[in-house]
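could you work out the structure for the sequence below:
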Amino acid sequence: MEYPKMIDERVSRKKYGKVIVERRFQLPNRKVIDYFVWGGTTIPSIVFPVTPNNKVIALGQFRYAINDVLVELPGGCLSRGRTATAEETARNELKEETGYRAMSFRTLGQPIWIDPANCVTPFIPVLATGCQKVSEPNLDETEFAEVILYSLQDWISKIHDGKILDSKSIATTFLALPHLGVGIG
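Numbering: from 1, shown residues only. Just a heads-up that it's a prediction; the model follows:
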């Protein structure tokens with residue numbers, strides 16, 4: 001099968017570590033189309049943080065795109081200009097967003113695409129275990145979030161009941177469960 005070929009791209013807008021890109025593709029029938037994609041300028045880590053007594057550390061976080069609060073796992077990117085491994089990013093984001101520090105981190109596989117139809121940025125799922133509170137959260141001025149603790153079973157139930165609606169959190173949970181001795185299937 002013949003697929004479209006990208007023949008050009010230009011950045012339409014870049015701000016706050018986000019980018020909107022206009023791409024031009026030539027279709028197999030030779031027609032040229034424009035297509036807009038978006039994403040971040042660095043790859044985020046999404047953290048599944050668990051305390052020693054199996055409490056999941058989550059956030060009730062205001063999200064600008066939906067103009068509402070969503071319950072989700074912590075995560076994000078390091079400040080622009082800084083590079084780090086997925087685990088270093090997870091360590092930093094966990095502490096900044098929740099005030100917790102983990103005893104160990106484990107990357108849970110390859111980067112996962114958020115929305116490959118429109119988003120150019122994947123995320124990296126990371127498991128953080130042995131999490132203990134060491135400080136208060138240190139949020140950026142544009143972040144509004146509160147820390148919420150759930151038992152592991154309550155967290156899983158909230159996903160099944162449609163109370164957790166963030167796809168990154170659901171995917172990261174699914175990948176973390178076998179490492180916590182929770183069977184899936």
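
show me what Gly75 is bridged to.
In this entry, Gly75 is beta-bridged to Ile46, by DSSP bridges.

that one: neighbour count?
25 (other Cβ atoms under 10 Å). All C-beta atoms are positioned from the backbone trio N, CA, C, and that covers glycine.

buried residues in the lengthiest strand in the chain, which are they?
Ranked by number of residues, the top strand in the chain under DSSP state E is strand 5-15. Within strand 5-15, not a single residue qualifies as buried, counting by 16 or more other Cβ atoms under 10 Å.

any idea which helix or strand comes after that strand?
Next along the chain after strand 5-15, taking DSSP states H and E as the criterion, comes strand 18-26.

counting contacts, what elements does that next one pack onto?
strand 5-15, strand 32-40 (3 or more Cβ pairs under 8 Å, 6 or more residues apart in numbering; DSSP states H and E).

which residue packs closest to Val21, ignoring adjacent ones?
In space, and not counting its chain neighbours, Val21 is closest to Val37: 5.1 Å by Cβ to Cβ, 6 or more residues apart in numbering.

which residues of this protein fall in helices?
86-98, 152-160, 167-176 (DSSP state H).

give me the residues contacting the second one.
Contacts of helix 152-160 from elsewhere in the structure, counted by Cβ atoms under 8 Å, 6 or more residues apart in numbering, are 50, 54-56, 58, 71, 150, 164, 169-170, 173, 177, 180, 182.
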